[in-house]
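J.: I'll drop the sequence and a predicted model, then ask my questions.
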Amino acid sequence: MKKILLFVVGVLMLFTLTGCSKTSMTTEQVKSLASGHSYNAVDVLSQYSEVEQIKEATVIQGDNGNWQVEFYVLDTVDSAIGMYNTNVTGFDEFDTGTKAKATVNGKNYGTYSLTTTDKYRYLSRVENTLLYVDVDVKYNDEVKTFIDELGY
(Lines give C-alpha, C1' and ligand atoms only; values in the text may rest on other atoms or scores of the structure.)
Protein backbone atom coordinates (compact mmCIF):
# COMPACT_ATOMS: atom_id res chain seq x y z
CA MET A 1 0.00 0.00 0.00
CA LYS A 2 2.85 2.38 0.81
CA LYS A 3 4.45 1.72 -2.58
CA ILE A 4 1.21 2.60 -4.35
CA LEU A 5 0.87 5.78 -2.30
CA LEU A 6 4.47 6.76 -3.06
CA PHE A 7 3.89 6.15 -6.77
CA VAL A 8 0.76 8.33 -6.79
CA VAL A 9 2.57 11.09 -4.89
CA GLY A 10 5.50 10.85 -7.31
CA VAL A 11 3.25 11.18 -10.34
CA LEU A 12 1.45 14.13 -8.78
CA MET A 13 4.75 15.84 -8.01
CA LEU A 14 5.92 15.25 -11.57
CA PHE A 15 2.88 17.03 -12.96
CA THR A 16 3.11 19.80 -10.40
CA LEU A 17 6.81 20.46 -10.89
CA THR A 18 6.81 20.34 -14.68
CA GLY A 19 4.40 23.27 -14.93
CA CYS A 20 2.19 21.62 -17.52
CA SER A 21 -0.68 23.59 -18.94
CA LYS A 22 -3.90 22.60 -20.66
CA THR A 23 -6.06 24.23 -23.31
CA SER A 24 -9.61 25.05 -22.29
CA MET A 25 -12.52 24.09 -24.49
CA THR A 26 -15.47 26.18 -25.58
CA THR A 27 -19.03 25.15 -24.90
CA GLU A 28 -19.50 24.47 -28.61
CA GLN A 29 -16.48 22.13 -28.65
CA VAL A 30 -17.85 20.24 -25.64
CA LYS A 31 -21.29 19.96 -27.25
CA SER A 32 -19.75 18.75 -30.51
CA LEU A 33 -17.77 16.03 -28.77
CA ALA A 34 -20.87 15.01 -26.81
CA SER A 35 -23.00 14.76 -29.94
CA GLY A 36 -20.31 12.54 -31.50
CA HIS A 37 -21.09 10.06 -28.71
CA SER A 38 -24.86 10.58 -29.05
CA TYR A 39 -24.91 12.24 -25.63
CA ASN A 40 -27.50 14.91 -24.98
CA ALA A 41 -26.19 18.46 -24.35
CA VAL A 42 -28.55 20.82 -22.53
CA ASP A 43 -28.02 24.53 -21.91
CA VAL A 44 -28.82 25.14 -18.23
CA LEU A 45 -27.64 28.74 -17.88
CA SER A 46 -31.14 29.85 -16.84
CA GLN A 47 -30.71 27.82 -13.62
CA TYR A 48 -27.80 30.12 -12.70
CA SER A 49 -29.37 33.47 -13.59
CA GLU A 50 -28.54 34.84 -10.15
CA VAL A 51 -24.86 33.85 -10.39
CA GLU A 52 -23.25 36.63 -12.42
CA GLN A 53 -19.90 34.84 -12.68
CA ILE A 54 -21.36 31.92 -14.68
CA LYS A 55 -21.51 32.93 -18.35
CA GLU A 56 -22.31 29.52 -19.87
CA ALA A 57 -23.59 26.29 -18.30
CA THR A 58 -24.16 23.01 -20.11
CA VAL A 59 -25.10 19.55 -18.90
CA ILE A 60 -23.99 16.54 -20.93
CA GLN A 61 -26.17 13.50 -20.31
CA GLY A 62 -24.95 10.03 -21.15
CA ASP A 63 -26.23 6.48 -20.99
CA ASN A 64 -29.84 7.53 -21.58
CA GLY A 65 -29.64 10.18 -18.87
CA ASN A 66 -28.20 7.88 -16.20
CA TRP A 67 -25.16 10.14 -15.70
CA GLN A 68 -24.28 13.74 -16.41
CA VAL A 69 -21.22 15.96 -16.72
CA GLU A 70 -21.57 19.68 -16.09
CA PHE A 71 -19.48 22.21 -18.03
CA TYR A 72 -19.24 25.86 -16.98
CA VAL A 73 -17.62 28.94 -18.46
CA LEU A 74 -17.03 31.63 -15.87
CA ASP A 75 -16.26 35.32 -16.26
CA THR A 76 -12.69 35.11 -14.90
CA VAL A 77 -10.04 32.60 -13.91
CA ASP A 78 -10.43 33.72 -10.28
CA SER A 79 -14.16 32.93 -10.39
CA ALA A 80 -13.39 29.46 -11.78
CA ILE A 81 -10.77 28.87 -9.07
CA GLY A 82 -13.30 29.90 -6.42
CA MET A 83 -15.97 27.58 -7.81
CA TYR A 84 -13.43 24.75 -8.07
CA ASN A 85 -12.26 25.21 -4.46
CA THR A 86 -15.84 25.38 -3.16
CA ASN A 87 -16.70 22.10 -4.89
CA VAL A 88 -13.50 20.39 -3.70
CA THR A 89 -14.51 21.27 -0.14
CA GLY A 90 -17.99 19.90 -0.78
CA PHE A 91 -16.66 16.67 -2.25
CA ASP A 92 -14.23 16.22 0.66
CA GLU A 93 -17.24 16.03 2.97
CA PHE A 94 -18.22 12.81 1.18
CA ASP A 95 -14.77 11.31 1.63
CA THR A 96 -15.98 8.15 3.36
CA GLY A 97 -15.22 4.72 2.04
CA THR A 98 -12.59 6.22 -0.26
CA LYS A 99 -11.00 3.89 -2.75
CA ALA A 100 -8.93 6.54 -4.55
CA LYS A 101 -8.35 10.27 -4.32
CA ALA A 102 -6.04 12.51 -6.36
CA THR A 103 -5.36 16.19 -6.87
CA VAL A 104 -3.15 17.66 -9.61
CA ASN A 105 -2.36 21.33 -10.18
CA GLY A 106 -0.62 22.83 -13.20
CA LYS A 107 0.06 26.29 -14.56
CA ASN A 108 -3.50 27.00 -15.64
CA TYR A 109 -5.52 24.07 -14.32
CA GLY A 110 -6.44 21.93 -11.36
CA THR A 111 -8.03 18.50 -11.14
CA TYR A 112 -9.54 16.59 -8.27
CA SER A 113 -10.95 13.08 -8.29
CA LEU A 114 -12.56 11.02 -5.58
CA THR A 115 -13.76 7.46 -6.02
CA THR A 116 -15.72 5.93 -3.17
CA THR A 117 -17.52 2.62 -2.95
CA ASP A 118 -20.57 4.09 -4.67
CA LYS A 119 -19.60 7.43 -6.31
CA TYR A 120 -17.12 8.89 -8.77
CA ARG A 121 -16.58 12.62 -8.27
CA TYR A 122 -14.34 14.69 -10.48
CA LEU A 123 -13.56 18.37 -10.93
CA SER A 124 -11.34 19.96 -13.52
CA ARG A 125 -10.66 23.65 -13.95
CA VAL A 126 -8.84 24.87 -17.03
CA GLU A 127 -8.43 28.64 -17.26
CA ASN A 128 -11.95 30.03 -16.67
CA THR A 129 -13.83 26.77 -17.38
CA LEU A 130 -14.94 24.06 -14.96
CA LEU A 131 -15.98 20.46 -15.45
CA TYR A 132 -18.07 18.93 -12.64
CA VAL A 133 -18.86 15.22 -12.28
CA ASP A 134 -20.79 13.39 -9.55
CA VAL A 135 -21.96 9.99 -10.84
CA ASP A 136 -22.57 6.45 -9.65
CA VAL A 137 -19.30 4.56 -9.67
CA LYS A 138 -20.66 2.06 -12.22
CA TYR A 139 -20.45 4.83 -14.88
CA ASN A 140 -16.92 5.97 -14.07
CA ASP A 141 -15.25 4.22 -17.03
CA GLU A 142 -17.57 5.80 -19.59
CA VAL A 143 -17.32 9.21 -17.91
CA LYS A 144 -13.51 9.01 -17.61
CA THR A 145 -13.26 8.20 -21.32
CA PHE A 146 -15.34 11.29 -22.14
CA ILE A 147 -13.25 13.46 -19.78
CA ASP A 148 -10.05 12.21 -21.39
CA GLU A 149 -11.39 13.09 -24.83
CA LEU A 150 -12.18 16.58 -23.58
CA GLY A 151 -8.63 16.91 -22.29
CA TYR A 152 -9.84 17.77 -18.83
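T.: Perfect, thanks for sending it. Residues are numbered from 1 along each chain as shown.
J.: now the helices for this structure?
T.: According to DSSP state H, the chain carries its helices in the segments 2-18, 27-36, 77-92, 140-150.
J.: rank these by mean pLDDT and give me the bottom one.
T.: Ranked by mean pLDDT, the helices of the chain bottom out at helix 2-18, with a mean of 48.
J.: what count of nearby residues applies to residue 99?
T.: Residues within reach of residue 99, counting by other C-beta atoms under 10 Å, total 10. Using the backbone N, CA and C atoms, a C-beta is placed for each residue, glycine as well.
J.: and if you look at residue 39?
T.: A count of nearby residues for residue 39, using other C-beta under 10 Å, gives 22.
J.: across the sheet, point out what pairs with the nearest residue to it once chain neighbours are set aside.
T.: Closest residue in space to residue 39, ignoring its immediate chain neighbours: residue 62 at 4.7 Å, by C-beta to C-beta, 6 or more residues apart in numbering. Beta-bridge partners of residue 62, counted by DSSP bridges, are residue 67.
J.: identify the residues contacting the residue nearest in space to the middle of the chain.
T.: Geometric centre of the chain, nearest residue: residue 123, 2.9 Å, by C-alpha atoms, centre = their mean. The contact partners of residue 123, by C-beta atoms under 8 Å, 6 or more residues apart in numbering, come to 84, 87-88, 91, 110-113, 130-133.
J.: what is the nearest of those to residue 70?
T.: Nearest to residue 70 out of these is residue 132 (C-beta to C-beta; 4.1 Å).
J.: gap between the closest one and residue 122?
T.: Residue 132 is 8 Å from residue 122, where distance means C-beta to C-beta, to the nearest Å.
J.: can I assume residue 98 is in contact with residue 118?
T.: No. Applying C-beta atoms under 8 Å, one finds residue 98 not in contact with residue 118, separated by 11.3 Å.
J.: adding neighbour count as columns, could you present the contacts of residue 123 in JSON lines?
T.: Putting the contacts of residue 123 into JSON lines (neighbours: other C-beta atoms under 10 Å) gives the following:
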{"residue": "84", "neighbour count": "22"}
{"residue": "87", "neighbour count": "17"}
{"residue": "88", "neighbour count": "16"}
{"residue": "91", "neighbour count": "21"}
{"residue": "110", "neighbour count": "19"}
{"residue": "111", "neighbour count": "20"}
{"residue": "112", "neighbour count": "20"}
{"residue": "113", "neighbour count": "19"}
{"residue": "130", "neighbour count": "26"}
{"residue": "131", "neighbour count": "24"}
{"residue": "132", "neighbour count": "20"}
{"residue": "133", "neighbour count": "24"}
